[in-house]
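> My questions concern the predicted model and sequence given below.
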Amino acid sequence: MADNRELRDLASDCVHCGFCLPACPTYQLWGEEMDSPRGRIHIITQLLDGAAGTEAALTHLDRCLGCMACVPACPSGVRYDKLIEAARGWAEGDELGRQQAAEPEAGQAGPEAGQAGPEAG
C-alpha cells in the first residue's frame, strides 16, 4: 500500500478539471460530485488530513466500480487506481492503511486529543 506522502502527492495531481466526470459511470448515474473520481479524491484528501471516515464518506468511496475509465480520461495523469485502493483498505479495516492516513507528515501537527481519524465512522 502507498504511504501517506505518496498518497498526498497522487491526490495533489488532480487539478479538478472535470474530464473524469463523463467517463465515470457512477457520476453519470447519480450526478453527485462525491460519486465521481474528483469527489472521491477530495474525500481521500480529507481523510489524509485527519477527517473522520464517516459512513457517508465510506459509502461514496465504496460506490466506485473500479472500472478506472477515469484514468485514461485524466489529462493530468492522476493515479486514481492507487488512491482508491488505499481508501478501500481503510474502509475494509486495514489497520496499517488507517494508521498511515492518521500519521502526520514531518512538520505537521497530528490530530488533537479526542479527534477522530479515518478509523472513526
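Happy to help now that I have it. A quick note: this is a predicted structure, and the numbers were derived from the prediction, not measured.

> so where do the helices sit in the chain?
Along the chain, counting by DSSP state H, helices occupy 4-12, 25-30, 37-48, 55-62, 70-73, 80-91, 95-102.

> which secondary element of the protein has the worst mean pLDDT?
Lowest by mean pLDDT, DSSP states H and E among the helices and strands of the chain is helix 95-102, with a mean of 44.

> So His16 is in contact with Arg38, correct?
Yes: using Cβ atoms under 8 Å, His16 makes contact with Arg38 at a distance of 5.9 Å. Yep, even glycine has a C-beta here, placed from its N, CA and C like the rest.

> what about the two, which has more around it?
Arg38 (22 against 9; other Cβ atoms under 10 Å).

> Tell me the pLDDT of that one.
The pLDDT attached to Arg38 in the predicted structure is 97.

> Likewise for the one 5 residues further on?
Per-residue confidence for Ile43 comes out at a pLDDT of 96.

> do Glu32 as well
pLDDT, Glu32: 96.

> How about the contacts made by it?
The neighbourhood of Glu32, defined by Cβ atoms under 8 Å, 6 or more residues apart in numbering, consists of 39, 60.

> From Thr26, how far out is it?
8 Å (Cβ to Cβ, to the nearest Å).

> Check Cys70 too.
Cys70 sits 10 Å away from Thr26, going by Cβ to Cβ.

> Of the two, which one has the most company?
Between Cys70 and Thr26, counting by other Cβ under 10 Å, Cys70 is the more crowded of the two (25 against 19).

> Do I have it right that that one meets Pro22?
No: judged on Cβ under 8 Å, Cys70 makes no contact with Pro22 at a distance of 9.7 Å.

> Might you report the residue contacts of Gly39?
Contacts for Gly39 (Cβ under 8 Å, 6+ apart) come out as 27, 32-33, 60.

> among the residues you listed, which ones are buried?
With burial judged by 16 or more other Cβ atoms under 10 Å, the buried subset of those is 27, 60.

> Just put the contacts of Gly39 in TSV and tack on distance to Ala86.
TSV is the format used below for these (distance: Cβ to Cβ, whole Å):
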residue	distance to Ala86
Tyr27	21
Glu32	22
Glu33	21
His60	15
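
> how close does the residue positioned nearest the centre of the chain sit to Ser12?
For the chain, the residue nearest the mean C-alpha position is Ile44 (2.4 Å; Cα atoms, centre = their mean). Distance from Ile44 to Ser12, counting by Cβ to Cβ: 11 Å.
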